[in-house]
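> Mind looking at a prediction? Sequence and model below.
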Amino acid sequence: MRQILWFLLAGTRGGETRAMILRAIEERPRNAHQLAKGLGLDYKTIQHHLRMLEKHRIVHAVNKGGYGAAYFLSPEAEAFAKAEGRIWEQFGKRPL
């Protein structure tokens, strides 16, 4: 999990945006629209980053087929965050 997070947050373009998304989701589950509005980013940008985070099993969606799917940290990412501290704090501002 550590390597995946470092790659997604520090090793690729868009890492700061993904860090802001993770901090927001860690604070409370949100859907893509809430994330876009709260972070002041384009909805399509949020969707792109959520797909990447979901692909690497950092987040998962509840009610994915319906409108307004809420995103949560995956159990693995949540356990990592509790054990290792907040790795993404180093890469972005505290959102929302």
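Happy to help now that I have it.
> for the chain, what are the low-confidence residue spans?
2, 65-66, 82-96 (pLDDT under 70).
> Tell me where it has helices.
Ranges of helices in the chain, per DSSP state H, are 2-10, 15-27, 32-39, 43-55, 75-84.
> got TSV for the ones you listed, with distance to residue 64 too?
Where you see a C-beta, it was placed from the backbone N, CA and C, and this is true even at glycine. Listed next are the helices of the chain as TSV, based on distance: least, Cβ to Cβ, whole Å:
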stretch	distance to residue 64
helix 2-10	20
helix 15-27	15
helix 32-39	11
helix 43-55	9
helix 75-84	17
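> can you list these in JSON lines and add mean neighbour count?
Putting these into JSON lines (neighbours: other Cβ atoms under 10 Å) gives the following:
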{"stretch": "helix 2-10", "mean neighbour count": "16"}
{"stretch": "helix 15-27", "mean neighbour count": "21"}
{"stretch": "helix 32-39", "mean neighbour count": "18"}
{"stretch": "helix 43-55", "mean neighbour count": "16"}
{"stretch": "helix 75-84", "mean neighbour count": "14"}
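> Residue 61 is nearest to which of these?
Smallest distance to residue 61 across these (Cβ to Cβ): 6.7 Å, for helix 43-55.
> quick one: that closest one to helix 15-27, angle?
Using axes from the mean of the first three to the mean of the last three Cα atoms, to 10 degrees, the inter-axis angle of helix 43-55 relative to helix 15-27 is 80 degrees.
> Return the angle between stretch directions for helix 43-55 and helix 32-39.
110 degrees.
> Tell me how far the nearest residue to residue 42 once chain neighbours are set aside lies from residue 76.
In space, and not counting its chain neighbours, residue 42 is closest to residue 36: 6.5 Å by Cβ to Cβ, 6 or more residues apart in numbering. According to Cβ to Cβ, to the nearest Å, residue 36 and residue 76 sit 25 Å apart.
> Also residue 14?
Relative to residue 76, residue 14 is positioned 21 Å away (Cβ to Cβ).
> Residue 67 and residue 57, how far apart?
Separation of residue 67 from residue 57 (Cβ to Cβ): 24 Å.
> Run through the residues that contact the residue lying closest to residue 33 once chain neighbours are set aside.
The spatial neighbour of residue 33 that comes closest, neighbours along the chain excluded (Cβ to Cβ, 6+ apart), is residue 43 at 6.5 Å. For residue 43, the contact set (Cβ atoms under 8 Å, 6 or more residues apart in numbering) comprises 32, 33, 36.
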